[in-house]
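[1] output the structure for:
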Amino acid sequence: MTRGDIVQSMLDLFEAPSYLEIGVDHGLTFNSVVAQHKYAVDPDFKFGTHDMEIAGRSVLHFALTSDAYFAGPCASRVLDVAFIDGLHTFEQTLRDLLNVQAHLQRHGVIVIDDVNPSSFHASLPDVGEAFRVRDYQARYHPEMANNLDWMGDVYKLVFFIQTFMQSWTYATVDETRGQLVMWPAVRPVPAVGGRSFAQVSNLGYRDVVFDQAAFNFQPLADIVAQVRAAMPGQP
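    Purely as a prediction, here's the structure:
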């Protein structure tokens, strides 16, 4: 299962979806999904981009940081689905999440990448520091030398959503264990975390390992069913 499969399963819930992707890089996900309107935001695209607006469909690329995009007039578009895969830090991903939320239609869906780091070095927010730690570990575990995983501390966002965004329900896709899907549906009080913002900010890889329950891993099919049930007109 790919990131594109996850995103497409959300897009397919809408008749003529409008889609935003933050952090497009080589375009593997963005170019694989089908939507009525597709908007790509990345300061440094790693592929040749070609904008298109024809017959009510559009594919547009914005060579900007996400902050610059949301500060401009193009951000006024209303979105059905957004995929956040930008800079792998808690602070920036939180800004992206709040900005996306402000432009999402009432029953829109957000997918966030890299929420479950695969190792200690992959959980560090500074990419240079992450690979220095990896190289040190490779002295004793040579198989790690070519490990390019880097998710940063995006995992903190899971605990932020759990504690501070009660009006949203979320789950992490079990098949990939790295992508979180969130949709507007109020969670009961027992499902709300009790951490302060300072505590969330100070979480570390140990908390990822010992509080996997917070990620709410579920099969993608179950997540799709829940998102569909929360949409208007559903019984």
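
[2] please make it C-alpha for all contacts and neighbour counts, starting now.
    Will do.

[3] tell me the spacing between the spatially most central residue of the chain and residue 93.
    Nearest to the geometric centre of the chain sits residue 112, at 1.1 Å (Cα atoms, centre = their mean). Distance of residue 112 to residue 93, computed by Cα to Cα, to the nearest Å: 9 Å.

[4] which parts of the chain are strands?
    18-22, 37-41, 52-54, 57-62, 79-84, 104-112, 168-173, 180-184, 217-218 (DSSP state E).

[5] quickly, which of those bottoms out on average pLDDT?
    Mean pLDDT is lowest for strand 52-54 out of these, coming in at a mean of 90.

[6] now do that strand: distance to the chain's middle.
    The chain centre lies 27 Å from the centre of strand 52-54; the measure is Cα atoms, centre = their mean, to the nearest Å.

[7] show me what contacts residue 111?
    Neighbour list for residue 111: 7, 81, 82, 83, 84, 179, 180, 181, 182 [criterion: Cα atoms under 8 Å, 6 or more residues apart in numbering].

[8] next: residue 191.
    residue 162.

[9] what about 7 Å?
    Neighbour list for residue 191: empty [criterion: Cα atoms under 7 Å, 6 or more residues apart in numbering].

[10] and the contacts of residue 111 as JSON lines, adding distance to residue 215 and neighbour count?
    Converted to JSON lines, these look like this (distance: Cα to Cα, whole Å; neighbours: other Cα atoms under 10 Å):
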{"residue": "7", "distance to residue 215": "18", "neighbour count": "26"}
{"residue": "81", "distance to residue 215": "20", "neighbour count": "27"}
{"residue": "82", "distance to residue 215": "19", "neighbour count": "27"}
{"residue": "83", "distance to residue 215": "18", "neighbour count": "28"}
{"residue": "84", "distance to residue 215": "17", "neighbour count": "25"}
{"residue": "179", "distance to residue 215": "10", "neighbour count": "26"}
{"residue": "180", "distance to residue 215": "8", "neighbour count": "28"}
{"residue": "181", "distance to residue 215": "10", "neighbour count": "23"}
{"residue": "182", "distance to residue 215": "11", "neighbour count": "19"}
